[in-house]
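Visitor: okay, here's the prediction I keep looking at, along with the sequence it came from:
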Amino acid sequence: MVVGYSSRRGYRLQQLFKALLDACPEDRRWIYAGLKNFSHLDFIPAETQNKPVFRATRRLAKILNATKH
């Protein structure tokens, strides 16, 4: 299975993580299952998160997600 994703925008990370867990041997899933509560922002350096373009992209994503619900 191929899952297209964007760590910068947080796009489809949940689907990617589920696919990784599904592909993992059952005796190893517990290792990755412990990461369920991570945020994609945990893996983006602070200096990148502080850039105006990154903050603007996050605001736009929140606006777009709010209109979907």
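Guide: Yes, it's here.

Visitor: which helix or strand in this protein has the lowest average pLDDT?
Guide: One helix or strand of the chain scores below all others by mean pLDDT, DSSP states H and E: helix 29-33, with a mean of 78.

Visitor: ok, Arg8 touching Ala61?
Guide: No. Using C-beta atoms under 8 Å, Arg8 is not in contact with Ala61; the gap is 9.8 Å. C-beta coordinates here come from the backbone N, C-alpha and C atoms, glycine included.

Visitor: find the helix or strand that the closest residue to Thr57 other than its chain neighbours is a member of.
Guide: Nearest residue to Thr57, sequence neighbours excluded (C-beta to C-beta, 6 or more residues apart in numbering): Arg9, at 6.6 Å. Secondary structure assignment for Arg9, by DSSP states H and E: no helix or strand.

Visitor: right, and Arg9 touches Arg59 too?
Guide: No. Using C-beta under 8 Å, Arg9 makes no contact with Arg59, being 11.9 Å away.

Visitor: so which of those two has more stuff around it?
Guide: Shown here are Arg9 and Arg59; by other C-beta atoms under 10 Å, Arg9 has more neighbours (14 against 10).

Visitor: so where do the helices sit in this protein?
Guide: All helices of the chain, identified by DSSP state H, fall at 13-23, 29-33, 46-49, 52-68.

Visitor: give the other helices and strands that the last one contacts.
Guide: In this case it means helix 52-68. Helix 52-68 sits against no helix or strand, with contacts defined as 3 or more C-beta pairs under 8 Å, 6 or more residues apart in numbering; DSSP states H and E.

Visitor: any idea of the mean pLDDT for it?
Guide: Helix 52-68 shows a mean pLDDT of 85.
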